[in-house]
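>>> sequence first, then the predicted structure:
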Amino acid sequence: MFRDCDPFLAFFHLGSGITELPWAYAVLGVVLLGTLVIERFFCKYACPLGAALGILGKVGLTRVQRDAAGCKSCNLCRQRCHAHIDFLSTTQIRDAECNHCLDCVVDCPRPNVLSVRGPRWRFSHPVYAAMLVAGLFGMIGVSKLAGKWQTKPETVSFTGRAGKLEAEAIRGWMTLEDISGGYNIPLDQLYKRGGIPSQVPPTARLNTIAKDYRVQFEPDSLRDVVREFLGGQQKPGAKPGQKKGSCVR
């Protein structure tokens, strides 16, 4: 959803595809400048995930609680906290920037002064962490059993925002068949130009070819082949660009 303005995606591209992500590079510039004067500038003011977690933290069933009677006000919790939350001003941490990392609970020198509490119970941080992991895998398992688990889009687009085919749309989980159909490149030409041995089947995913078939192959090399094809050998009037269904499986 936020790909077009994701500063970290722009940063890891290292200058490649700058015309594809102009807003992302603009946001990256703002983040770099803001970070020079404000700690965790992006996390505090621009991160959409942080905003969502902040809302959930306000209405969540669990929170970190401080026992004021047992606390010796050493303020070590605030020093170790990545968000620098003021623990001494309250007994229940409701700050939107608290993401329940529980470093404060672990580092507190007095046992049970800081603890994780639910509406009617208290539990240790190992138990809390185990519950979160179990909940995560439980949701994944239920989704798979219900046939709703999906990690790739049903429709793969090989075009950019301008509606033109772009080699940058290639992903490692795509197959040679996906690339051939999406860019209207004959499979035999794809094999020949990409230097792909004939024993590699068209259904092989790009990111598994080198390991599974013991050949020298890099998915990025196929992008170069597609760029060359798009640069001068694509037939006019062809309308590739989307392939539905096959690459989801």
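Everything's here; your move. Everything numeric here is computed off the predicted structure, so don't read it as measured data.
>>> test my guess that Gly182 contacts Glu166.
No: under the criterion of Cβ atoms under 8 Å, Gly182 is not in contact with Glu166, lying 10.7 Å apart. C-beta here means a position set from N, CA and C on the backbone, and glycine is covered the same way.
>>> who touches the longest helix along the chain?
Longest helix in the chain by number of residues (criterion: DSSP state H): helix 125-145. Residues from elsewhere that reach helix 125-145 (Cβ atoms under 8 Å, 6 or more residues apart in numbering): 62, 100, 102, 105-106, 116, 123, 149.
>>> please redo it, this time with the cut-off set to 10 Å
With contacts defined as Cβ atoms under 10 Å, 6 or more residues apart in numbering, helix 125-145 is touched by 62, 64, 100-106, 114-118, 122-124, 148-150.
>>> what's the answer for stretch 57-64, then?
By Cβ under 10 Å, 6+ apart, the residues outside stretch 57-64 that reach it are 53, 77, 81, 85, 87, 91-102, 104-105, 114-119, 121-123, 125, 128, 131-132.
>>> which among these end up buried?
Neighbour-count burial (16 or more other Cβ atoms under 10 Å) applied to the contacts of stretch 57-64 gives 53, 77, 81, 85, 87, 93, 95-100, 102, 104-105, 114-116, 125, 128.
>>> residue contacts, the nearest residue to Leu176 once chain neighbours are set aside?
Nearest residue to Leu176 in three dimensions, chain neighbours excluded: Pro202, at 4.6 Å (Cβ to Cβ, 6 or more residues apart in numbering). Taking Cβ under 10 Å, 6+ apart, we find Pro202 in contact with 175-181, 187, 190-191, 196.
>>> same thing with Ile38?
Ile38 neighbours (Cβ under 10 Å, 6+ apart): 44-45.
>>> tell me the pLDDT of it.
Note on Ile38: pLDDT of 85.
>>> quick one: which helix or strand includes it?
Remark: Ile38 resides in no helix or strand, with elements defined by DSSP states H and E.
>>> repeat for the one 5 residues further on
Remark: Cys43 resides in helix 41-45, with elements defined by DSSP H and E.
>>> please enumerate the strands of this structure.
Listed in chain order, the strands of the chain (DSSP state E) span 63-66, 114-117, 122-123, 155-157, 242-244.
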